[in-house]
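sequence plus the predicted model coming up.
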Amino acid sequence: MTEARADFDEAQGTLVVSGAWHAGAASVLPALGGKTVRAIDGAGITQLDTNGAWLLLSAARPRANDPMPELQAFQPQHLAILELVNRHSAASAAQPEHRRENVLAMTGRGAQVMAEHALGLLDFVGRLSIELWVLLGKPGGWRWREFAAQVRAVFVGAIPIVSAMLFLLGVVFAYLLGDQAQQYGANIFVVDGLLLAILREISPVIVAVLVAGRTGAAITAQLGTMKVTEEIDAITTLGLSPLAVLVIPRMLALLIAMPLLVFIGDIAGIAGGMLVAQQQLDISYSMFMDRMADVILLKTLVVGLGKAPVFAMFIALIACRMGLSVTRDARSVGANTTSTVVQSLIAIIILNAIFAVTFVRLDI
């Protein structure tokens, strides 16, 4: 194999190269010192790979905007390699440099993304409403088996984590509240505060957060994977509606499961508080139950349970829409799944704040 050589003819502005050109030939390139290379003579080249081609072109064109030198006496296969490397180098150089955005630009971009999400959600709600109207006229189109499977996945699978989480929160809340109440001899009023907090706020919000992170993310990942593997296209090809087959059963399952999970969370939270009240405050179980029967109001329970379907509706809409919005790559599945959790948490917090202000104004 002939060693690579390179000489620069200053009179002609020609870089004369010969031998085998590969990555190890960089040391034989002459120091051009800013001289213009008008042509490259490759008559003596015996071997050339993409590394060697890049070395030659980089020596002749140190800057991307320098003119392309004339390629003289190259063999056809070597000329093809040089042209290939030149095209890819030009494409890489043409990519714009990333510029750091200022605060105003980032704020505007964030507002644009939020507006796009809101418009996309409204569009999805409109198409889903039309599909529901069609299904109401065709009872045979309901997917009851899929609905039952989703209820089992959403409700039964979430019972252990909901019970454990609300039980521990009931323990913590009762302990902190009881520690303060003991200083004023108001131990029995811990029951009042515990019931109000668990039934109205803690249980509905915590259950919604758990469902958003567990079920909402799972729905987006499932639908997104089906989109990537073209299963949704297959459903459409069969003349079926993806909304009727995939979205509506999941939405109905969440609407039914969420109030039940909140109710289970209420019981678990009260049980945790009852345990702490007996151990820390010397409030027996019977005294706790008597006090609970005296102070609990039906509206307190209904308010908490009434929030659940609203939270469930928004979680289902966001999760299903983001799942169906996945593009055909695995990275999009992960990004949309993360976006589902974030959007759901924001929606839960905003909706809970609206409920709180509204109920106070209505004296509920």
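Structure received.

ok, the longest strand anywhere in the chain: who's next to it in the sheet?
Longest strand in the chain, counting residues (DSSP state E): strand 39-48. Its sheet considered, strand 39-48 pairs with strand 14-21 (parallel), strand 70-72 (parallel) by DSSP bridges.

could I get those as a markdown table with mean pLDDT, mean neighbour count and distance to Val85?
Just so you know, the C-beta spots here come from the backbone N, C-alpha and C atoms, and that holds for glycine as well. As requested, these are exported to a markdown table (pLDDT from 0 to 100; neighbours: other CB atoms under 10 Å; distance: least, CB to CB, whole Å):
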| stretch | mean pLDDT | mean neighbour count | distance to Val85 |
| --- | --- | --- | --- |
| strand 14-21 | 80 | 21 | 12 |
| strand 70-72 | 79 | 15 | 12 |
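
these: which one's closest to Tyr175?
strand 14-21 (76.6 Å; CB to CB).

got a list of contacts for that closest one?
1-9, 25, 30, 37-49, 51-53, 55-56, 59-60, 69, 72 (CB atoms under 8 Å, 6 or more residues apart in numbering).

quick check: Asp7 is in a strand.
Yes - looking at Asp7 with DSSP: H, G, I helix; E, B strand; the rest coil, it is inside a strand.

hey, C-alpha coordinates of whichever helix or strand comes after the longest strand of the chain in CSV?
Using DSSP states H and E, the helix or strand that follows strand 39-48 in sequence is helix 50-60. This file holds the C-alpha atoms of helix 50-60, laid out as CSV (Å, rounded to 0.1, in the frame of the first residue of the first chain):
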residue,chain,number,x,y,z
THR,A,50,-14.5,9.0,3.8
ASN,A,51,-12.0,10.0,6.4
GLY,A,52,-9.4,10.8,3.8
ALA,A,53,-11.9,12.6,1.7
TRP,A,54,-12.9,14.8,4.7
LEU,A,55,-9.2,15.6,5.3
LEU,A,56,-8.6,16.7,1.8
LEU,A,57,-11.8,18.9,1.6
SER,A,58,-11.1,20.4,5.1
ALA,A,59,-7.6,21.3,4.0
ALA,A,60,-8.8,22.9,0.8
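
which strands and helices sit next to helix 50-60?
On a contact count with 3 or more CB pairs under 8 Å, 6 or more residues apart in numbering; DSSP states H and E, helix 50-60 meets strand 14-21, strand 39-48, helix 76-93.

looking at these, which one is packed in the most?
Stretch with highest mean neighbour count among these: strand 14-21 (a mean of 21; mean count of other CB atoms under 10 Å).

break the protein into its domains for me.
5-93, 110-361 (automatic domain parsing).

now the last one: average pLDDT?
Averaging pLDDT along domain 110-361 yields 87.

re earlier: run the angle between the longest strand of the chain and helix 76-93 for me.
110 degrees (axes from the mean of the first three to the mean of the last three CA atoms, to 10 degrees).

34 is where my numbering starts, stick with that
New numbering, starting at 34: the last item is strand 72-81.

contacts for strand 72-81, please.
34-35, 38, 45-55, 89, 93, 102-108, 110-112, 114-115.

burial of Ala345, as a residue count?
Ala345 is flanked by 28 other residues according to other CB atoms under 10 Å.

correct me if wrong: Asn283 contacts Ala349.
If you look again at residue 283, you'll see it is Arg, not Asn. Yes - taking CB atoms under 8 Å as the definition, Arg283 is a contact partner of Ala349 at 6.1 Å.

which neighbours do those two share?
With CB under 8 Å, 6+ apart as the test, Arg283 and Ala349 both reach Ile252.

one step back: please identify the deepest-packed of the domains of the chain.
Taking mean count of other CB under 10 Å, domain 143-394 is the most buried of those, at a mean of 18.

can you classify Gly57 by secondary structure?
Here Gly57 is recorded as helix under three-state DSSP.

so what's it up against?
Contacts of Gly57 by CB under 8 Å, 6+ apart: none found.

mind running it again at 10 Å?
By CB atoms under 10 Å, 6 or more residues apart in numbering, Gly57 lies in contact with 36-37, 84-85, 88.

let's have the domains of the chain in a markdown table, adding distance to Asn135.
As requested, those are exported to a markdown table (distance: least, CB to CB, whole Å):
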| stretch | distance to Asn135 |
| --- | --- |
| domain 38-126 | 26 |
| domain 143-394 | 13 |
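
and the strands paired with strand 72-81: which comes nearest Ile316?
strand 47-54 (88.2 Å).

the closest one to strand 38-42, inter-axis angle?
Going by the same axes, to 10 degrees, strand 47-54 makes 180 degrees with strand 38-42.
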